[in-house]
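[1] Sequence and predicted model, in that order:
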Amino acid sequence: MKPLVYHAGQRAVQDEAQTRRVADKLADWVGPVAEFARGADLVVLAAPEHGGGLRFAVVSGAAPFVRVADEAALHLELPAGLADHVPTPSAVGGLVISLGLARRARVNGFLYRRNGAAELATSEAFTLCRKYFAPSVAVVEAPVRIGPAARESLPLDHPLVADVLARAETSFLASVSPDGMPDVAHRGGAAGFLAYDPAARTLAWPEFVGDGVFKSAGNVRATGTMALLALDLASGDGVCLYGRGEYRTTRTDRGREDALVQHRDDYPQQGTMRCEIARAERLREVLHPRRRIARAPRVTSRSTVPEQRPQ
């Protein structure tokens, strides 16, 4: 896997936060992506759509449903039906995730239809820390679902939009780099961390301290394109907002050396994401319904560094 090459938007945010040295250390990081892919019960992908936006597709089911077709090159074989939701060939940004185990890995690359399956040839792949997950598991170990089953346009002031966003602890941010490569990042927090104002057509949230790379924030800084999928885990539906984002750095540390640092606060704020929303959709049956694991400890920035690390 080639080292990450940071574009100007990512470098600008790294310099504001004084994490360039940390980001350079992580440029070669991969980690056990194949292991995380085999154990994933959720795959979230975003692909370009006509008009320059981004569109989500989600695969959920009992692990293992991801097959590692080529471990050295990290080619992942996904269920064939995914190619009906994402035009192939297509650049995609993706995450393979186990929400229950707080495991996730980025798998960005190109999706092809090959040998009766959808194959993702990764060009960027690396495991991520365990912070800010709301642990959950599928209600039943059902067969693989590829969602959404349907997309329904909603007015921005529809009560469902505000309700799902107000209750959401799990969401996903899709962005795109200047060279057109999509990316998907998990965004989690205590219910209410997503602040939505339908009258002003804005969505905002705090960007919590992460690994110092600023892949998503840098993409938004460079191109503005964003889509946010907020999940209603109990129903398996989701709400997706599409628009333009703006990232502002609010925290700078003095020459931070390490990607993971233990803080006094659970959710220390690194910056603010503010988005102008153009449209909203309800995504029906986007994943299998899930239930929160109420007693499972949530890994945050106040957790020890070993607890935060991928494992």
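    In hand now; what should we look at? Numbering: from 1, shown residues only.
[2] drop to CA atoms for contacts and neighbour counts, all remaining ones
    Noted.
[3] show me where the stretch 201-311 of the chain has helices.
    Using DSSP state H, counting those that start in this stretch, the helices of the stretch 201-311 of the chain run over 215-223, 305-308.
[4] Which among the ones you listed is found nearest to A125?
    Using Cα to Cα as the measure, helix 215-223 is the one of these that comes nearest A125, at 12.6 Å.
[5] For A191, give me its contacts.
    For A191, the contact set (Cα atoms under 8 Å, 6 or more residues apart in numbering) comprises A166, R167, A168, E169.
[6] Identify the residue nearest the third one in space, chain neighbours excluded?
    Spatial nearest neighbour of A168, chain neighbours left out: A191 (5.5 Å); criterion: Cα to Cα, 6 or more residues apart in numbering.
[7] If I look at the one you found, what pLDDT would I see?
    As predicted, A191 sits at a pLDDT of 95.
[8] Can you say which helix or strand has it in it?
    Applying DSSP states H and E as the criterion places A191 outside every helix and strand.
[9] Adjust the sequence numbering to begin at 16 for everything that follows.
    Yes, from this point I'll number from 16; that puts the last item at A206.
[10] how close does it sit to T319?
    With the distance defined as Cα to Cα, to the nearest Å, A206 ends up 23 Å from T319.
[11] Identify the residue nearest I292 in space, chain neighbours excluded?
    G258 (4.4 Å).
[12] Burial check on that neighbour, number of neighbours?
    Residues contacting G258 under the criterion other Cα atoms under 10 Å number 20.
[13] how many other residues sit next to the closest residue to V179 other than its chain neighbours?
    Nearest residue to V179 in three dimensions, chain neighbours excluded: D247, at 6.1 Å (Cα to Cα, 6+ apart). By other Cα under 10 Å, 23 other residues sit near D247.
[14] And the one 10 residues further on, by the same measure?
    Look at Y257: counted by other Cα under 10 Å, it has 21 neighbours.
[15] quick one, what contacts it?
    Y257 makes contact with G68, L69, M241, A242, L243, I292, A293, R294, A295, according to Cα under 8 Å, 6+ apart.
[16] Show me the shaky parts of the stretch 116-265 of the chain.
    Under the criterion of pLDDT under 70, none of the stretch 116-265 of the chain is flagged as low confidence.
[17] Quickly note the distance from the residue lying closest to S113 once chain neighbours are set aside to L169.
    Nearest residue to S113, sequence neighbours excluded (Cα to Cα, 6+ apart): A55, at 4.8 Å. Distance, A55 to L169, by Cα to Cα: 31 Å.
[18] can you check R269 too?
    Separation of R269 from L169 (Cα to Cα): 45 Å.
[19] Between the two, point out the one with more neighbours.
    More neighbours surround L169 than the other of R269 and L169, with 17 against 8 (other Cα under 10 Å).
[20] Show me the strands in the stretch 66-215 of the chain, by range?
    Taking DSSP state E, counting those that start in this stretch as the criterion, the stretch 66-215 of the chain carries its strands at 69-75, 82-85, 90-93, 105-113, 118-129, 132-142, 151-153, 160-162, 165-169, 185-191, 197-203, 210-212.
[21] For the last one, name the packing helices and strands.
    Secondary-structure packing of strand 210-212 (3 or more Cα pairs under 8 Å, 6 or more residues apart in numbering; DSSP states H and E): helix 174-182, strand 217-223.
[22] neighbouring strands for that strand, and are they parallel or not?
    Strand 210-212 sits in its sheet next to strand 217-223 (antiparallel), going by DSSP bridges.
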